[in-house]
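A.B. asks: Starting from these lines, generate the structure:
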Amino acid sequence: MPKIVDKEERMQMILEKALEVFARVGYRDSNLSLIAEACSLSRPTVYQYFSDKKEIYYYAVKNVTSKMFERYSKIAFHEGEEDEIERLRLIVVDIFTYARENESTLSNLVEFILSEKKAGVDVYQAIRGRTAKMRILIKRLVLQGIHRKTIRECDADKVGEEIFSLVEAEAFQVGFFPSFSAEEATSIVSDFLESFREKR
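C.D. replies: All right, here's what the predicted structure looks like:
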């Protein structure tokens with residue numbers, strides 16, 4: 001009797017193994033054969049799930065960002081003592097820790113963006129789409145802080161974008177430059193967040 005395969009489970013396994021391949025050899029030097037080998041599957045089997053490595057990469061990034069967003073949503077909106085500034089700081093610390101621990105993932109993302117650009121593809125909208133939930137989460141926390149009087153009156157949309165842009169820039173520095181520490185990046189963003197704290 002043939003073994004019943006859980007398609008969703010296999011798809012997740014392919015994505016996880018593909019990320020390992022991308023981390024080991026880089027996006028440019030990876031291919032479906034290497035990914036199939038890492039999964040102990042044949043190339044035709046991998047083709048049943050994904051059309052090419054580009055599609056695998058898109059789904060892998062989507063998978064990672066979705067899991068991160070779930071984690072940050074729990075930090076942002078759980079019942080607890082922390083105010084909105086502190087919750088934003090906890091999210092930032094986690095992002096910078098991830099950037100430091102996953103330098104190869106960031107390098108592959110840049111490599112992927114550059115290869116797409118060379119092929120004439122503008123990936124800006126795709127990247128913006130992947131980060132949209134995070135931008136909204138930050139803005140919601142700012143609005144909640146304004147409502148609870150932990151964050152001073154301000155334009156929540158504008159401030160949310162500024163926070164996101166600063167975190168994004170610092171995360172890339174942490175991920176690419178070993179001499180730039182996660183603690184240094186956290187300090188920079190924390191000072192910026194504190195500038196919006198409502199004075200009592």
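A.B. asks: only C-alpha atoms for contact and neighbour calcs from this point on.
C.D. replies: OK.
A.B. asks: residue ranges with poor pLDDT in the protein?
C.D. replies: Low-confidence regions of the chain, defined by pLDDT under 70, span residues 1-5, 200.
A.B. asks: do that again at 80, thanks
C.D. replies: Residues of the chain that meet the criterion pLDDT under 80 lie in 1-5, 106, 121-127, 129-130, 200.
A.B. asks: For the residue nearest the centre of the chain, which three-state class applies?
C.D. replies: Within the chain, one residue has its C-alpha closest to the average C-alpha position: by CA atoms, centre = their mean, that is residue 65, at 4.2 Å. For residue 65, the secondary-structure state derived from DSSP: H, G, I helix; E, B strand; the rest coil is helix.
A.B. asks: What residues does it make contact with?
C.D. replies: When contacts are counted by CA atoms under 8 Å, 6 or more residues apart in numbering, residue 65 is found next to 130, 131.
A.B. asks: Touching stretch 137-149 from outside, list them.
C.D. replies: For stretch 137-149, using CA under 8 Å, 6+ apart, the contacting residues are 73, 76, 83-85, 88, 151-154, 156-157, 159-161, 163-164, 198.
A.B. asks: mind listing what's buried in it?
C.D. replies: 137, 138, 139, 140, 141, 142, 143, 144, 145, 146, 149 (16 or more other CA atoms under 10 Å).
A.B. asks: what's the answer for stretch 149-162, then?
C.D. replies: Across stretch 149-162, burial judged by 16+ other CA under 10 Å covers 149, 150, 151, 152, 156, 157, 159, 160.
A.B. asks: hang on, residue 170 packs against residue 184?
C.D. replies: No - under the criterion of CA atoms under 8 Å, residue 170 lies out of contact with residue 184, with a separation of 9.2 Å.
A.B. asks: more crowded one of those two?
C.D. replies: Neighbours per residue (other CA atoms under 10 Å) separate residue 170 from residue 184, with residue 170 holding more: 24 against 14.
A.B. asks: leaving aside the residues next to it on the chain, what's closest to that one?
C.D. replies: Take residue 170 and drop its neighbours on the chain: the residue closest to it by CA to CA, 6 or more residues apart in numbering is residue 185, 5.7 Å away.
A.B. asks: what's the burial count for that neighbour?
C.D. replies: When counting by other CA under 10 Å, one arrives at 20 neighbours for residue 185.
A.B. asks: again, but for residue 8
C.D. replies: Other residues lying near residue 8 total 10 when counted by other CA under 10 Å.
A.B. asks: measure it to residue 14 for me?
C.D. replies: 10 Å (CA to CA, to the nearest Å).
A.B. asks: Residue 28 should be in a strand, yeah?
C.D. replies: No - Residue 28 sits outside any strand when classified using three-state DSSP, being coil.
A.B. asks: That one is in contact with residue 113, isn't it?
C.D. replies: No - contact criterion CA under 8 Å: residue 28 and residue 113 do not qualify, at 10.8 Å.
A.B. asks: of the two, who's got more company?
C.D. replies: The neighbour count for residue 28 versus residue 113, taken as other CA under 10 Å, is higher for residue 113 (17 against 12).
A.B. asks: Distance from the helix or strand hosting that one to the middle of the chain?
C.D. replies: If you go by DSSP states H and E, residue 113 is part of helix 103-118. Its chain's average C-alpha position is 14 Å from that of helix 103-118, according to CA atoms, centre = their mean, to the nearest Å.
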